[in-house]
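K.L.:
need coordinates for the below:
(4 chains)
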There are 2 protein chains.
Amino acid sequence: MPDQPSHKPSGHVGDVPGDEAPAVLRADARRNRERVLEAAREVFAAQGVDAPISAVARRAGVGVATLYRRFPTRTALVTAAYAEQLDLCAAAFDEALADPDPGRGLYTLLEKVCATQAVDRGFAPVFMDRFTDSLAHDPERACAEERVAHLVRRARESGQLRADFDQADITLLLVASSGLAGQPRDIALAASRRLLASFFQAFQTQLPGPLPPPARLEPPRRPY
Amino acid sequence: MPDQPSHKPSGHVGDVPGDEAPAVLRADARRNRERVLEAAREVFAAQGVDAPISAVARRAGVGVATLYRRFPTRTALVTAAYAEQLDLCAAAFDEALADPDPGRGLYTLLEKVCATQAVDRGFAPVFMDRFTDSLAHDPERACAEERVAHLVRRARESGQLRADFDQADITLLLVASSGLAGQPRDIALAASRRLLASFFQAFQTQLPGPLPPPARLEPPRRPY
DNA sequence: CGGTAAGTGGATGACACCGTCCGTTCGACG
DNA sequence: CGTCGAACGGACGGTGTCATCCACTTACCG
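P.N.:
Have a look, this model is predicted:
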C-alpha cells in the first residue's frame, strides 16, 4: 500500500467498485455517529427495537437522512447499538467458563443477562438472535450453544444441579425473563433476580436457601 | 309503552337520545357477528391484540365496515372476543378457592392461566387488565386481588408453601409466563408447564419431586 | 483563505392501517 | 310477492412510519 498522508483513506479513485465506506469519518460525522448510537441505545432500551427510526434521530438531534446514511437498515443500527453490550456478554461467558465453581459461574452469567434483559427492552431480541441456537447457520451461535451445554454439564456433574436440569431450561429462563422487560427499572431488576433465584432453587440439590425479596411489579397495561 | 309486535326492539322513536343498540339482530347480522368473533379469537391468538382489524375482517369473510359497526373500537372487539375465556378464568378461580387442598387449588388455577397465556398471544394483556390489581379502580379487580391473597395465604398456612412466598410472586410468574406466548403450540405448552412446575418447586416445603419434561423452545426471531 | 466533496436536514413519495361514508343487497314482515 | 330499512362491503381521506432525494452547509486540505 502506497503511503497515505494519514487522511483521505481509500481516496484514490478506482479502489473497489462497491467501495462506499470511508473507514475514517469527518470530525462532525463521527460525533454525530456517536450521538446517534447513544440515542439509539436510550430509545431502544425504553421502547424496544421496533421504535420509530425518526425517534432515534430526533433524540440524537440529527436529521433522518444522516442516520440512514450511516446505518442503512434498522438491523445495522440495532447491531451497532448493541455491539458493546454483546461483547460484554461474550466476556461474561468466558468468565463463567473460567469459574472453578461451575454452579456459581452459570448463575452469575445468567444473573447478568437476565438483568440486562429486564432493564433494556431492546436487548432480549438482539441477544437471542446472537447467542441462541436453533437454525444456527452461524458458527458463532453453534459455538455458544456448545459452551452453554458445557457449563450446564459441568454444573450437573459437580452435583450442584439436579440431573433433570436441561440445557433447554436456560432458554426457557431467558425467554421467560424477557417478558419482564418494560417494567420500571428497579422493579424489573428485583423481579429478574427473584425469578432467576427461584428457578435455580428448583433445580438445586442442596437444601433450599433464602431468596431475594419479591418484586411488586405492575402488570403491563397494553393500550389495545 | 304501547304494545310492540315482538320484533323491532327499542324501535319507537324517542327512546333515549344515544340509543343505538337494537338488542336483537337480524339473522345474517348475528351470524356475521359470530364469524367476526371467531376470526378475532384466531387472529388475536396468533398475532396478538395489536393485529390489524382488517385481518380479522378478511378472515371472517366480512367487510371492515361490518366489523366496525358491531365493534366500534378495538377494545370492544377484544373484550367481546375474550369474554368467554375470562369467564372460564373466573370459574377456575372459584374452583381453586373451593379446593380443600389449597396448594393444589392454586397450582391448578395457575396451570390453566399459564397454559392459555402460552397458547394465545392475545390473552395475557386482556387477562392482566381484567384480573390484576395495581391501580384497581375497578372493584372486581380489587376483589380478584383479595381472592388471590386468600389463596396464597391458605397455601402458606397449610405449610405447603414456604413462608417467603409472596403474593407478588403470582404476578411475577404470570408476567414471565406471558413471555412464552407466540411459540408453537406444543412447545409453548410444555414450556409453560415446566416453568410453572419449577417455580413452584422452589417454594415447596416438601422434598423435591419430578418435573414435567423440558421444552426445547426456539427463541423468537424478531424481524428487526 | 478558498475550493471541494463529505455531510446535513427537511421535503417527499410509497406503504400500511385506521375509521367513515355511501350506494347496493337482502332479510323480515305484511 | 312486494316493500322497506337494516346490514353489507368496498372505496376513500387521514395519519404515521419508512426510506430516498436534493439543495444547502461546513469541515478539511492546500
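K.L.:
in a helix, A:V62, correct?
P.N.:
No: A:V62: not assigned to a helix; according to DSSP: H, G, I helix; E, B strand; the rest coil it is coil.
K.L.:
for it, which non-adjacent residue is closest in space?
P.N.:
A:N32 (5.6 Å; CB to CB, 6 or more residues apart in numbering or on different chains). Glycine gets a C-beta too; all of them are placed from N, C-alpha and C.
K.L.:
does the one you found sit in a helix, a strand or a coil?
P.N.:
Secondary structure, three-state DSSP: A:N32 is helix.
K.L.:
right, and it touches A:T66 too?
P.N.:
Yes: between A:N32 and A:T66 there is a contact at 5.9 Å, judged by CB atoms under 8 Å.
K.L.:
who's in contact with the residue nearest the centre of chain A?
P.N.:
Nearest to the geometric centre of chain A sits A:F127, at 4.0 Å (CA atoms, centre = their mean). Going by CB atoms under 8 Å, 6 or more residues apart in numbering or on different chains, A:F127 touches A:Y82, A:L86, A:C89, A:V113, A:T116, A:Q117, A:L174.
K.L.:
picking up where we left off before, mind listing what the residue nearest to A:V62 touches?
P.N.:
By CB under 8 Å, 6+ apart, the contact set of A:N32 is A:A60, A:V62, A:T66, A:R70.
K.L.:
helix or strand right after the least confident helix or strand in chain A by mean pLDDT?
P.N.:
In chain A, no helix or strand scores lower on mean pLDDT, DSSP states H and E than helix A:139-157, which sits at a mean of 87. Downstream of helix A:139-157, the next assigned helix or strand under DSSP states H and E is helix A:167-178.
K.L.:
who's in contact with that following helix?
P.N.:
A:110, A:113-114, A:117-118, A:124, A:127-128, A:132, A:145, A:148-149, A:152, A:192, A:195-196, A:199, A:203, B:176-177, B:179-180, B:183, B:191, B:194-195, B:198, B:214-217, B:219-220.
K.L.:
in helices, which of the residues you listed fall?
P.N.:
Counting by DSSP state H, the part of the contacts of helix A:167-178 found in helices is A:110, A:113-114, A:117-118, A:124, A:127-128, A:145, A:148-149, A:152, A:192, A:195-196, A:199, A:203, B:176-177, B:191, B:194-195, B:198.
K.L.:
now the buried members of those.
P.N.:
A:110, A:113-114, A:117-118, A:124, A:127-128, A:145, A:148, A:152, A:192, A:195-196, A:199, A:203, B:176-177, B:191, B:194-195, B:198 (16 or more other CB atoms under 10 Å in any protein chain shown).
K.L.:
and A:I170, how many neighbours?
P.N.:
For A:I170, the count of nearby residues is 22 (other CB atoms under 10 Å in any protein chain shown).
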